[in-house]
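Enquirer: Fold the following and give me the result.
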Amino acid sequence: MSGIFGIGSSALLTYQRALSVTGHNIANAGNENYSRQRLELAVRNPQFSGAGWFGQGVQMTDVARIADQFVLAQLRDNTSGFGRQQVYHQYAKRADNLLADPQSGLAPVLNQFFAAVQDVSNDPTSIPARQVLLSQGQALADRFAFLHKGLDDQRRLLEGQVGAAVQDVNTLAQGIASLNRQIVDATGIGGGKAPNDLLDQRDELIGRLSELVTVQTLPQDDGSVNVLIGSGQSLVVGPHASTLAAQALGNDPTRMEIAIVSPGSTIRVTELITGGQLGGLLEVRRDILDPAQNALGLTAVGLAMAFNELHANGVDLDGLAGGEFFRVPAAGVVVGRGNSAAGQPAVSFTDAGALTGRDYRLSFDGSEWRLSRIGTPGVLATAAPGETISFDGLEIDLSGITGEATGDSFDLQPTRNAAAGLGMALSDPRGFAAALPPDDPASNVAGDNRNALALAGLASQGVLAGGNTSISASYSQLVADVGVKTRQAELSFQAQGRLLDESRAMRESISGVNLDEEAANLLRYQQAYAAAAQVIAVAGTMFDTLLMAVRR
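Expert: Predicted coordinates:
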């Protein structure tokens with residue numbers, strides 16, 4: 001009797017647990033981070049008798065979590081790629097809308113300015129025409145400043161988002177480390193059986209982390225996972241999580257860099273951060289905002305230098321030599337963090353055609369100053385303390401630096417903020433030098449328009465890039481570059497979105513809860529449970545019959 005009673009009892013308990021697992025699946029059908037579970041069954045060891053081996057019923061071996069780690073890894077990769085492309089596309093589109101706008105862009109104001117120069121050449125004695133020219137010059141300077149501010153606003157927003165993303169990474173890392181600890185403890189208590197719901201919670205946090213940065217996971221024998229981010233930087237090791245910080249570690253106090261902070265040390269890892277929203281933000285800063293602001297400033301400097309040079313060749317209505325028309329922006333210099341040196345180099349523009357729109361670093365090696373392009377290896381030029389470096393249309397006077405020591409540095413950003421610094425130097429309309437100096441000093445220059453014609457010709461004359469690019473073409477090239485990046489980002493964003501949808505569908509097909517399937521299981525297990533109860537009832541009846549026979 002004990003055999004059939006044991007068989008019935010094992011079946012009753014097993015299908016009770018099977019109903020519980022099925023109910024748990026149904027309860028989490030709407031949880032997109034849940035992996036469906038399945039009760040694994042096995043035949044209990046049979047018992048031998050003279051007539052052969054008799055079965056002893058069923059036993060539960062495990063509650064299996066249905067998940068494919070390869071599919072999960074692919075989903076995380078595509079989530080990271082989508083986050084990166086989404087952020088990159090958003091910022092690229094904003095920059096493109098700002099620079100290429102037919103009303104608020106630079107092109108219409110630039111055209112109006114040169115049209116005003118042409119109007120003065122048509123009537124060089126007209127004070128109203130000259131006044132309009134000065135007004136258009138100021139409007140052009142204001143438009144440069146407006147565009148620079150628009151890009152700068154995006155930069156400030158980006159730097160704030162970098163800090164927020166780093167905080168989110170830290171929060172998720174702490175959560176993953178805590179779940180690692182709980183999973184290791186639960187696995188030990190369960191004799192090696194995995195706590196499925198905790199694994200789902202950990203995968204959810206890792207998935208959210210992959211939205212922010214590229215993620216790699218390394219499973220450990222104790223059930224924990226180590227998490228690497230970016231290009232292989234450890235973020236979570238077992239129950240311990242590293243702490244990231246967004247700090248101004250470089251010379252530029254407004255530029256956030258990513259670092260791993262521990263007691264007594266701060267290690268910069270910006271270059272190791274890739275993928276996800278955080279990686280996308282860093283790419284936007286490097287590939288869109290920095291080049292766009294530099295190129296816009298280069299256009300402003302080129303315009304001011306070329307126009308001033310020709311203007312200085314002419315004479316005004318009173319026969320006086322032309323002075324500056326535009327105020328040439330100052331080249332930006334950022335003092336190195338922790339410098340021992342006092343003072344800073346004086347940087348001036350000498351040749352518009354040789355300017356590159358790149359940023360430079362000036363570093364002292366103990367005996368001489370070395371000039372290099374930021375982001376590009378190699379030394380461009382060297383000079384002893386107090387000397388002058390002339391390179392790429394710049395003159396760098398080192399005489400203002402004293403007390404330099406090994407490791408001192410300065411970041412040179414010649415055109416980064418130049419668009420904001422462009423202004424009008426001329427305020428008197430009579431001072432516009434529309435004429436060229438006469439051969440006879442006593443001659444009247446009032447009707448001379450030769451210099452005004454030359455100035456109007458700057459609209460299409462090559463002044464930048466070795467004399468091969470005009471002011472208008474320089475800005476058009478900037479708009480085209482940003483437009484191409486925006487279009488590429490849009491296509492990549494759409495493609496990455498499709499890949500992410502496919503990965504989610506694949507994960508859902510494997511780990512998602514199918515209510516029709518669970519309903520069928522519910523009915524099947526319910527019937528099995530009822531049948532097992534009937535087996536126990538039959539065993540009880542047989543036992544009662546045996547007792548009655550013995551009593552007789």
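
Enquirer: Any regions of this structure where pLDDT drops low?
Expert: Within the chain, the ranges that satisfy pLDDT under 70 run 1-2, 440-442, 551-552.

Enquirer: Which helix runs longest in it?
Expert: helix 127-189 (DSSP state H).

Enquirer: Give me the distance between the helix or strand that that helix is followed by and the centre of its chain.
Expert: Next along the chain after helix 127-189, taking DSSP states H and E as the criterion, comes helix 196-212. In terms of CA atoms, centre = their mean, to the nearest Å, the centre of helix 196-212 is found 21 Å from the chain centre.

Enquirer: counting contacts, what elements does helix 196-212 pack onto?
Expert: Helices and strands touching helix 196-212, by 3 or more CB pairs under 8 Å, 6 or more residues apart in numbering; DSSP states H and E, are strand 58-65, helix 69-100, helix 127-189, strand 215-219, strand 225-229, helix 276-284. C-betas here are computed from N, CA, C, even on glycine.

Enquirer: so which of those comes closest to P108?
Expert: Nearest to P108 among the helices and strands packed on helix 196-212 is helix 127-189 (8.6 Å), distances taken as CB to CB.

Enquirer: Verify the contact between P124 and D448 for me.
Expert: Yes. Contact between P124 and D448 holds when scored by CB atoms under 8 Å: they sit 6.5 Å apart.

Enquirer: Pull up the overlap in contacts between those two.
Expert: A434, A435 (CB atoms under 8 Å, 6 or more residues apart in numbering).

Enquirer: hmm, back to that, the longest helix of the chain vs strand 215-219, what angle?
Expert: Helix 127-189 and strand 215-219 are oriented at 10 degrees to each other (axes from the mean of the first three to the mean of the last three CA atoms, to 10 degrees).

Enquirer: how big is the angle separating helix 127-189 from helix 276-284?
Expert: Using the same axes, to 10 degrees: helix 127-189 against helix 276-284 is 150 degrees.

Enquirer: Just give me how far helix 127-189 sits from the chain centre.
Expert: Going by CA atoms, centre = their mean, where helix 127-189 is centred and where its chain is centred differ by 9 Å.

Enquirer: Check the gap between R507 and V513 for me.
Expert: 12 Å (CB to CB, to the nearest Å).

Enquirer: Please apply the same query to L458.
Expert: Distance of L458 to V513, given as CB to CB: 70 Å.

Enquirer: Same check on R17?
Expert: Distance, R17 to V513, by CB to CB: 18 Å.

Enquirer: More neighbours: which of these two?
Expert: A side-by-side neighbour count of R17 and V513, using other CB atoms under 10 Å, places V513 first with 21 against 15.

Enquirer: ok, that one - contacts?
Expert: N25, I26, N28, A29, Y34, R36.

Enquirer: One more: L355?
Expert: By CB under 8 Å, 6+ apart, the neighbours of L355 are L298, V301, G302, F349, D392, G393, L394, P414, T415, L464.

Enquirer: cutoff 10 Å now
Expert: L355 makes contact with 294, 297-298, 301-302, 305, 331, 349, 392-394, 414-415, 418, 463-465, according to CB atoms under 10 Å, 6 or more residues apart in numbering.

Enquirer: ok, the nearest residue to G163 once chain neighbours are set aside - how many residues close by?
Expert: Spatially, and ignoring its direct neighbours in sequence, G163 is nearest to A246 (4.2 Å; CB to CB, 6 or more residues apart in numbering). A246 is flanked by 21 other residues according to other CB under 10 Å.

Enquirer: Bridged to A246, which residues?
Expert: Following DSSP bridges, A246 is listed with bridge partners I258.

Enquirer: and the gap between it and Q161?
Expert: In terms of CB to CB, A246 sits 10 Å off from Q161.

Enquirer: Kindly report the same for I258.
Expert: 13 Å.

Enquirer: Look at those two and report which has more neighbours.
Expert: Of the pair I258 and Q161, I258 is the one with more neighbours under other CB under 10 Å, namely 28 against 19.

Enquirer: which residues are in contact with both of R507 and V513?
Expert: Counting by CB under 10 Å, 6+ apart, the contacts common to R507 and V513 are S35.

Enquirer: and for I258 and Q161, which residues touch both?
Expert: Joint contacts of I258 and Q161 (CB under 10 Å, 6+ apart) are A246, L278.

Enquirer: Look at the residue nearest to W53 when sequence neighbours are not counted and say how many residues are nearby.
Expert: Among residues not flanking W53 along the chain, P46 sits closest, at 4.1 Å (CB to CB, 6+ apart). The burial count assigned to P46 is 12, neighbours taken as other CB under 10 Å.

Enquirer: OK, contacts around P46?
Expert: G52, W53, F54, G55, Q56, G57.

Enquirer: rewinding a little: just the buried ones among the contacts of L355, please.
Expert: 294, 297-298, 301-302, 305, 331, 349, 392-394, 414-415, 418, 463-465 (16 or more other CB atoms under 10 Å).

Enquirer: Narrow these to those in strands?
Expert: Residues of the buried ones among the contacts of L355 located in strands (DSSP state E): F349, L394.

Enquirer: How about the contacts made by the nearest residue to D359 once chain neighbours are set aside?
Expert: Leaving aside its sequence neighbours, D359 sits nearest to I374 (CB to CB, 6+ apart; 4.5 Å). Going by CB under 10 Å, 6+ apart, I374 touches G250, N251, D290, R358, D359, Y360, R361, D411, L412, Q413.

Enquirer: Name the nearest of those residues relative to V132.
Expert: Nearest to V132 among the contacts of I374, counting by CB to CB, is Q413 at 34.3 Å.

Enquirer: Pull the most distant pair out of the contacts of V513.
Expert: Farthest pair in the contacts of V513, by CB to CB: I26 and Y34, 10.9 Å.

Enquirer: out of those two, which sits in the busier spot?
Expert: Taking other CB under 10 Å, I26 and Y34 do not tie; Y34 has more neighbours (22 against 16).

Enquirer: For V63, see how far away the more buried one is.
Expert: For Y34, the distance to V63 - CB to CB - is 14 Å.

Enquirer: list residues touching both of the two?
Expert: With CB under 10 Å, 6+ apart, Y34 and V63 have common neighbours H24, N196.

Enquirer: So in terms of bridging, what pairs with the closest residue to A321 other than its chain neighbours?
Expert: Computed as CB to CB, 6+ apart, the closest residue to A321 that is not its neighbour in sequence is V315, at 5.9 Å. Note on V315: beta-bridge partners A321, A435, judged by DSSP bridges.

Enquirer: For S126, give me its contacts.
Expert: Contacts of S126 (CB under 10 Å, 6+ apart): D119, V120, V132, L133, P429, A434.

Enquirer: From those, list the buried ones, please.
Expert: D119, V120, V132, L133, P429, A434.
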